[in-house]
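Participant: generate a structure from the sequence data that follows.
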Amino acid sequence: MRAQQSENEAARAAAFEVAGVAFVADLSGALYWETQRLLVVSDLHLEKGSSFAARGVLLPPYDTAATLGRLAAVIARHDPRMVIALGDSFHDREAHARLCEPDRDTVAAMQTGREWIWIAGNHDPALPSSLGGIVASEVCIGPIAFRHEPSGAFGEIAGHLHPKARVATRGRATERRCFASDGERAVMPAFGAYAGGLSIRDEAFTRIFGAPDFTAHVLGDNRVHAIVASRCY
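Facilitator: As a prediction, the model looks like this:
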């Protein structure tokens, strides 16, 4: 039973390196640095549904609970000592105030017994201390710099762009979120339930990686697929 469980967990993830550091790309869209016991997620966009509702665009108000539920499951699976949320954790400047008590309790439970760092993003540049954890503009650990907006620097892991890949499979096109990495830097997929995506063939990624010969680690139904970006469209 334990061997079968290990095989299932391995199928849900894929390994790649950034600046010589080995990371595990989880099928959920989280990134795990095993030797540091560090879990990284990006662009949760909590309370996006309520933000849209305030502007008259009615979406089902379940995105925050769904996103936090997925995050809790990843944390339970890896049991990290530290979690870094790479910015845009909340969809707007007031979104944290709209969190319901059950969702606040979920966040507090995930933070218990571990370090938690909120990276400020362009959607949530001023996060309150009442959320728990600490707020930072970026975090550097060894050769790796964690920040919200990518600059293309060596050793950088960033979010913001919500990379997605469109690939042809069995005669039809499939579009999925993905990690984008060339081994020197990486851009993480958005973790939020309602977060959209930007094609990795967009010029925004060309500015970071140069030619599209980087790898898209695509989040499939049952495993993470490594596909050269030039094969995507």
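Participant: for the rest of this, base every contact and every neighbour count on C-alpha atoms.
Facilitator: Fine.
Participant: pLDDT weak spots in the chain?
Facilitator: Scanning the chain for pLDDT under 70 picks out 1-11.
Participant: for the strand with the most length in the chain, which strands pair with it and how are they oriented?
Facilitator: For the chain, the strand with the greatest residue count under DSSP state E is strand 172-181. Its sheet considered, strand 172-181 pairs with strand 163-169 (antiparallel), strand 186-187 (antiparallel), strand 215-219 (antiparallel) by DSSP bridges.
Participant: which of these sits closest to residue 118?
Facilitator: Closest of the strands paired with strand 172-181 to residue 118 is strand 186-187, at 17.1 Å (criterion: Cα to Cα).
Participant: neighbouring contacts of that closest one?
Facilitator: 18, 150, 156, 157, 158, 159, 161, 162, 163, 179, 180, 181 (Cα atoms under 8 Å, 6 or more residues apart in numbering).
Participant: got the phi and psi for the residue lying closest to the second one once chain neighbours are set aside?
Facilitator: In this case it means residue 150. Leaving aside its sequence neighbours, residue 150 sits nearest to residue 158 (Cα to Cα, 6 or more residues apart in numbering; 5.1 Å). Note on residue 158: its backbone torsions stand at phi -140, psi 170 [degrees, to the nearest 10].
Participant: what of residue 156?
Facilitator: Dihedral angles (degrees, to the nearest 10) for residue 156: phi -90, psi 140.
Participant: can you check residue 231 too?
Facilitator: phi -90, psi -10.
Participant: is the closest residue to it other than its chain neighbours in a bridge, and if so with what?
Facilitator: Spatially, and ignoring its direct neighbours in sequence, residue 231 is nearest to residue 167 (7.3 Å; Cα to Cα, 6+ apart). Judged by DSSP bridges, the bridge partners of residue 167 are residue 174.
Participant: sorry, back to before: ok, and what's touching the longest strand of the chain?
Facilitator: So strand 172-181 is in contact with 18, 25, 29, 162-168, 186-190, 197, 200, 214-220, going by Cα under 8 Å, 6+ apart.
Participant: what subset of the residues you listed is buried?
Facilitator: Among these, those classed as buried by 16 or more other Cα atoms under 10 Å are 18, 25, 29, 162-167, 186-190, 197, 200, 214-220.
Participant: check which residues of the helix ranked longest in the chain are buried.
Facilitator: Using DSSP state H, we find that the single longest helix of the chain is helix 63-78. Buried residues in helix 63-78, counted by 16+ other Cα under 10 Å: 63, 64, 65, 67, 68, 70, 71, 72, 74, 75.
Participant: now render those residues as a markdown table, adding distance to residue 120.
Facilitator: Compiled in a markdown table, the buried residues of helix 63-78 are given as follows (distance: Cα to Cα, whole Å):
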| residue | distance to residue 120 |
| --- | --- |
| 63 | 20 |
| 64 | 18 |
| 65 | 21 |
| 67 | 18 |
| 68 | 18 |
| 70 | 21 |
| 71 | 19 |
| 72 | 21 |
| 74 | 22 |
| 75 | 21 |
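Participant: and of the contacts of strand 186-187, the nearest to residue 125?
Facilitator: Distances from residue 125 to these, taken by Cα to Cα, are shortest for residue 159, at 14.4 Å.
Participant: quick revisit: ok, now which ones touch the residue nearest to residue 150?
Facilitator: 42, 86, 146, 147, 148, 149, 150, 186, 187, 188.
Participant: all helices in the protein, in order from the N-terminus.
Facilitator: Going by DSSP H, the chain shows helices at 2-11, 48-54, 63-78, 101-111, 203-209.
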